[in-house]
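In: model this:
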Amino acid sequence: MTDIAQTTPMRAAETNTPATFAVPDGACDAHFHVFEPGFAHVANPLYTFPDASLEQYLRMTEVLGIDRMVIVQPTFYGTDNTLLLDVLRRVGPSARGVVRIDDDVSDAELDRFDEYGVRAIRLDLFARSAWPTAEIISYVHKMAARAAPRGWHLQFYTPGTIVRDLLPYLADLDHPYVIDHMGYMLEADGLTDTDFARLLGVLTHGACWIKLSGPYRIAKARPLSSVEPIGRALVAARPDRLLWGSDWPHLPNGQRDTGELLNLLGQWAPKQADRQQILVESPTELFFAR
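Out: This is a model prediction of the structure:
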């Protein structure tokens, strides 16, 4: 780890677009990050320190009517979850957390995280993308064993190619897990409609949850509307196994209006009952049941 460089930070975009549908009481943003000065980051971060404080984030949630939130540990801070725990302390019972951990972290430390409101372990499989599939599976087993005694689930931050390769294993995994960013199945990486159909099968029958987050990560240079078939297919398959996340502050460039992203959910899930499930009931089950 190293101190944060005192450079001009990337500024988070303002949220100017209100929701086009009635955001239900208890709505939860299941995926956001915070970056603040004074906290150690990894030696060679993948992006410039963002200007994205908790106060900025909370102003955005007030605009959109988001009542609850889940902070997810970003790659920027590695496995040092100090800022994440500080955010949980400052926000209180309306926030929960997803940590990244070292393999040798103590049970006492995990229990301390649990008391703060941590409810999941994030598995960074981008950082392990060169590993053989068997080694990744062994790592997942190890992390599930650490999560299980606390009633935590796993969250997969992973390229779509690894999602594809793990699907036979994930179909039989009985520990609850969430796949970030709609599966991250990029056509540019060689993923096909058949691969996505197999993912839908695992979502339908397994212990899988999928996060409706980061559509711009999939759209790339295309308009966000290009992701609508994926969003609609996920909602049609299992609306009760989906979460919505803003991915605020929308790295790497931060220039996104979060209201525009929330309104995509209204297109993917036109039924109010489905939006209620995605925004309120599912995050309650995974994060706020205790």
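
In: how about the strands of the stretch 51-200 of the chain, start to end?
Out: Using DSSP state E, counting those that start in this stretch, the strands found in the stretch 51-200 of the chain span residues 68-72, 95-99, 118-124, 153-157, 177-179.

In: out of those, which gets nearest to Q272?
Out: strand 68-72 (18.5 Å; CB to CB). Where C-beta positions appear, they are placed from N, C-alpha and C, glycine not excepted.

In: look up the closest residue to L251, ignoring the ones flanking it.
Out: Closest residue to L251 apart from its sequence neighbours, by CB to CB, 6 or more residues apart in numbering: Y47 at 5.7 Å.

In: nope, A188 is what I was after
Out: Distance criterion CB to CB, 6+ apart; nearest residue to A188, sequence neighbours excluded, is K220 at 7.2 Å.

In: for G214, see how far away the one you found is.
Out: 11 Å (CB to CB, to the nearest Å).

In: again, but for G206
Out: Separation of G206 from G214 (CB to CB): 22 Å.

In: show me which of those two is the more surrounded one.
Out: Using other CB atoms under 10 Å as the criterion, G206 and G214 rank with G214 on top: 21 against 18.

In: per-residue pLDDT of the residue lying closest to the more buried one once chain neighbours are set aside, please?
Out: Leaving aside its sequence neighbours, G214 sits nearest to H181 (CB to CB, 6+ apart; 3.9 Å). For H181, the pLDDT comes out at 97.

In: if we can go back for a sec, so which of the strands of the stretch 51-200 of the chain gets nearest V163?
Out: Ranking those by distance to V163, with CB to CB as the measure, places strand 177-179 first at 6.2 Å.

In: elements contacting that closest one?
Out: strand 153-157, strand 208-212 (3 or more CB pairs under 8 Å, 6 or more residues apart in numbering; DSSP states H and E).

In: chain center to stretch 82-91, what's the gap?
Out: Centroid separation between stretch 82-91 and its chain, computed with CA atoms, centre = their mean, to the nearest Å, is 17 Å.

In: repeat that for stretch 252-270.
Out: Distance of stretch 252-270 from the chain centroid (CA atoms, centre = their mean) equals 14 Å.

In: spit out the contact partners of D102.
Out: T79 (CB atoms under 8 Å, 6 or more residues apart in numbering).

In: neighbours of P132, just the number please.
Out: Here the number of neighbours of P132 (other CB under 10 Å) works out to 9.
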